[in-house]
Each structure stands twice: as C-alpha cells, then as structure tokens.
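*Asks:* Based on what follows, work out the 3D shape:
(2 chains)
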Amino acid sequence: MNRTWNNKAWFMVLPVLALVAFSAVIPLMTVVNYSVQDTFGNNVFFWVGTEWFEEVLHSDRFWAAMGRNLAFSAIILAIEVPLGIFIALNMPRKGWGVPVCLVLMALPLLIPFNVVGTIWQVFGRIDIGLLGRGLYILGVDYNYVRDPVDAWVTIILMDVWHWTSLVVLLSYAGLVSIPDAYYQAARIDGASRWAVFRYIQLPKMNRVLLIAILLRFMDSFMIYTEPFVVTGGGPGNTTTFLSIDLVKLAIGEFNLGEAAAMSIIYFLVILAMSWVFYTVMTNYGTEKR
Amino acid sequence: MELSWMAWTWPTAIFFITIALLLTSMGVWEYFAPGGHPRVGLLGIETTRGDRLFLSLLGSGFINLAWLGLFGPSLWWALALSVVYAVGVFRWV
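*Replies:* Next up, the predicted model:
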C-alpha cells in the first residue's frame, strides 16, 4: 500500500466541519442532553440518568416500529433493485428513446415527498381515487384506511413508484459505461443472455448498485413524509414506522426525554448499518482492482 | 452566550469532552508516531486508526445499550467491557 497521505489536506474540510457543527453536532449534543433528563417545558430539567433508554429498550412499541421499518426496507429493496435492473436492461442505448426514457424515469424523483403522499392518498381513495375506485368497481375489497394489508400494499407501491427510478438511472449509468468489446467477445464465445448479464453486466454494475442499495436502504429506514400523508401511521399502528413514532412521542406526547433516547438508539442503528454498507462498498471495489 | 436551551449536564459534558479529548489525542498520536495508514485486520477489511476509533465508539454504544437492556442501569461493567472491546479493535481489527 503506497498511497500518499497528506494530512494537511484535512484543513480543507474545516469550513464543512463548521457547517456540520451547527447543523448536526450541536443539535445532536442537545438531543443527548435531553435524553438523560425530563422536562415539562420552560427550560426546567430534571436528571433521570438512563431511565429513558431503559424505557425505550423495554418498549414493545419501539421494537414493533423497528420491526415494521426493517420489514418495509427489506420489501422495497427486494422489489426495487431487481425491477430497477430489469428496466435499465430494457432501456434503449441509442436513438430518440434514450432522452424520453431518462426524462420519464427522472419524473417521479422530482416530485416533493409530501406531494407523492398526497397523490397516492387521493389515488387510493375508494370514493374518488382511480386505483381505489377502479378496484372497488372490479369487486376487490380494497380500503387502505381500514385494512392493514391494503395500507402496506399502498405504501409499498408508492415507494416503488417513487424510487425505482433511482435504481434504474444508476444501473443504466453502469450499463452504458460497458465497452462494446465485452459484448463482442461474449458473442464470439456464444454466451447466453444470462451469461452476459451474470459475467459482464452485473459485475460492471456492482458499484452503482451498492450505492443504490445504500441510498434506498437509508432513505426507506428513515421514511416519514409519504406514509404520514397517506395513512398517518394507521390503521391502528400498522404503518407507524420509527420516524412517525418518534414524532408522535416528541411532538404529540411532548415526551422529549424518551424521544431523545429513542433518537439516539435510532441514530446508532442507522450509523452502524451505514458503516456496514459503506465498508462493503469500498472493500468490494478494492478486491477487484 | 445563553446555552440553557442545550440543557447541559455535567455527565453529558464529560461524555463529549472525553470524545473531544480522544479525537485530539488521536491527532497527537498520529503526529508523533505516524502509523495510521490502512491495514487489513481480523475482519478482512482495510482500517485506519480513525476507523478503529469509530468502531470502538460505535461498538461501545451498542455494548452499553445491550447491558442497559439486559442487566439494568449499572453501567460500570459495560464501560469496562467497552474498554476491553476498544483495545481489541485497536489491536486486531
């Protein structure tokens, strides 16, 4: 390993460090301070030690929300990644179809999160929504307000609609960077379509795919706006994810100490998972060099 | 400067001062005894000294949380375990 390590370059990141200090570090410190105290407002605090952490760790509500969040992330990754790759593989590589497809794919990504939520909230309504009304006419008993399965299906469909494009665009970027010589070699060897995908396209896409998986995992694990707008966490608590639960706890119940403790645990989980993904991404690349 | 909105307590202040001191001492260590270049350890991944400090702190957070959830609020043993874990990470990871 003969890399050049110039530690003076670290001074270049000082401005960013200052920005991050005010936008993230100082608020995070405040959250830590809140997590060991109880308050009834008016800047009056009572020391409670680790009680809030114990309460969160023994709370069924927290673990249920965590379970729902993990299930949601797993489901949308299992759908969006293969679907995104499939669409990217079938997109045109040249001609007028390229800009058309790219713009169509980019459209859902440009829509603000709360608007996406509103679109699907209306789309799924059984009185006026195209999806809800259409299913009702077809005789399907669909009602995302009342039925937990329907609520989950709606939210998953919404996320797939909103974010598969990201996987498509990243995969497409990986695909177009493959030189033609690889395909020519594969043709000469008489490689099957599957072999071309498995041994040429997939290895060339792995870096961008890992970025896509990382981004989609992080984002889905922190999802708030869309399910909040569509279901508000219901019916009951069936679509209450960690972030929705956190807001309920902090703002709805004004339970700032417990919400702070929950935020810290949530933060540690996300930090650990980000590290795992980041390490896999960076090390996967170095092995291939 | 009015800082009452940050709701500081001595234990949390000591916690953050310790982390700041750890970061500073890592800088001093690297300055006087350079050796923070990446190496491949037990996990089969490249880590620098900074990575090892990050892993130590993150792991310690989970050790303390697990202790709190399983055994209760007396965290001195969890702290001792975290130190052992951190030494292990710096030595072998």
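*Asks:* any idea which element the residue most central in space within chain B lies in?
*Replies:* Nearest residue to the geometric centre of chain B (Cα atoms, centre = their mean): residue B:57, 2.8 Å. Element membership for residue B:57 (DSSP states H and E) is helix B:49-71.
*Asks:* Point out where chain B drops to low pLDDT.
*Replies:* Applying pLDDT under 70 to chain B flags the ranges B:1-2, B:36.
*Asks:* Any idea which residue of it lies closest to chain A?
*Replies:* residue B:69 (3.9 Å; Cβ to the nearest Cβ). Glycine gets a C-beta too; all of them are placed from N, C-alpha and C.
*Asks:* circling back to that earlier point, hmm, who's touching the helix holding residue B:57?
*Replies:* A:50, A:53-54, A:57-58, A:265, A:268, A:271-272, A:275, B:19, B:22-23, B:26, B:29-30, B:35-36, B:47, B:75, B:77-79, B:81-82, B:85-86, B:89-90, B:93 (Cβ atoms under 8 Å, 6 or more residues apart in numbering or on different chains).
*Asks:* Could you do stretch A:233-252 as well?
*Replies:* If you take Cβ under 8 Å, 6+ apart as the criterion, stretch A:233-252 is touched by A:61-62, A:64-66, A:68-69, A:72, A:145-148, A:151-152, A:155, A:221-224, A:227-228, A:230-231, A:255-256, A:258-260, A:262-263, A:266.
*Asks:* Likewise for stretch A:261-271?
*Replies:* Stretch A:261-271 has contacts (Cβ under 8 Å, 6+ apart) with A:28, A:31-32, A:35, A:52-53, A:55-57, A:62, A:66, A:218, A:221-222, A:242-243, A:245-246, A:249, B:58, B:61-62, B:65.
*Asks:* Just the ones in helices from those, please.
*Replies:* A:28, A:31-32, A:35, A:52-53, A:55-57, A:62, A:66, A:218, A:221, A:242-243, A:245-246, B:58, B:61-62, B:65 (DSSP state H).
*Asks:* among these, which ones are buried?
*Replies:* A:31-32, A:35, A:52-53, A:55-57, A:62, A:66, A:221, A:242-243, A:245-246, B:61, B:65 (16 or more other Cβ atoms under 10 Å in any protein chain shown).
*Asks:* Buried subset of the contacts of helix B:49-71, written for PyMOL?
*Replies:* Buried residues within the contacts of helix B:49-71, by 16+ other Cβ under 10 Å, are selected in PyMOL with:
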select buried, (chain A and resi 50+53+54+57+265) or (chain B and resi 30+36+47+75+78+81+82+85+86+89+93)
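*Asks:* Residues contacting stretch A:18-27, please?
*Replies:* residue B:6.
*Asks:* Okay, now that stretch: how far is its last residue from its first?
*Replies:* 13 Å (Cα to Cα, to the nearest Å).
*Asks:* roughly how far out does it sit from the chain middle?
*Replies:* 23 Å (Cα atoms, centre = their mean, to the nearest Å).
*Asks:* ok and the residue in the stretch 1-150 of chain A nearest chain B?
*Replies:* For the stretch 1-150 of chain A, Cβ to the nearest Cβ, closest residue to chain B: residue A:57, 3.9 Å.
*Asks:* Enumerate every residue touching that residue.
*Replies:* A:265, B:65, B:68, B:69 are the contacts of residue A:57 under Cβ under 8 Å, 6+ apart.
*Asks:* Quick one: low-confidence residue ranges for chain A.
*Replies:* A:1-7, A:284-289.
*Asks:* Name the residues of stretch A:32-41 that come out as buried.
*Replies:* Residues of stretch A:32-41 classed as buried by neighbour count (16+ other Cβ under 10 Å): A:32, A:33, A:34, A:35, A:36, A:37, A:38, A:39.
*Asks:* is it anywhere near chain B?
*Replies:* Yes. Interface with chain B: stretch A:32-41 contributes A:32, A:33, A:34, A:36, A:37, A:39 (Cβ under 8 Å from any Cβ of the partner chain).
*Asks:* what two of the residues you listed are the furthest from one another?
*Replies:* A:32 and A:39 (14.2 Å; Cβ to Cβ).
*Asks:* re earlier: could you dump the buried residues of stretch A:32-41 into TSV and include distance to residue A:205?
*Replies:* Output for these, formatted as TSV (distance: Cβ to Cβ, whole Å):
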residue	distance to residue A:205
A:32	40
A:33	45
A:34	44
A:35	42
A:36	46
A:37	49
A:38	51
A:39	50
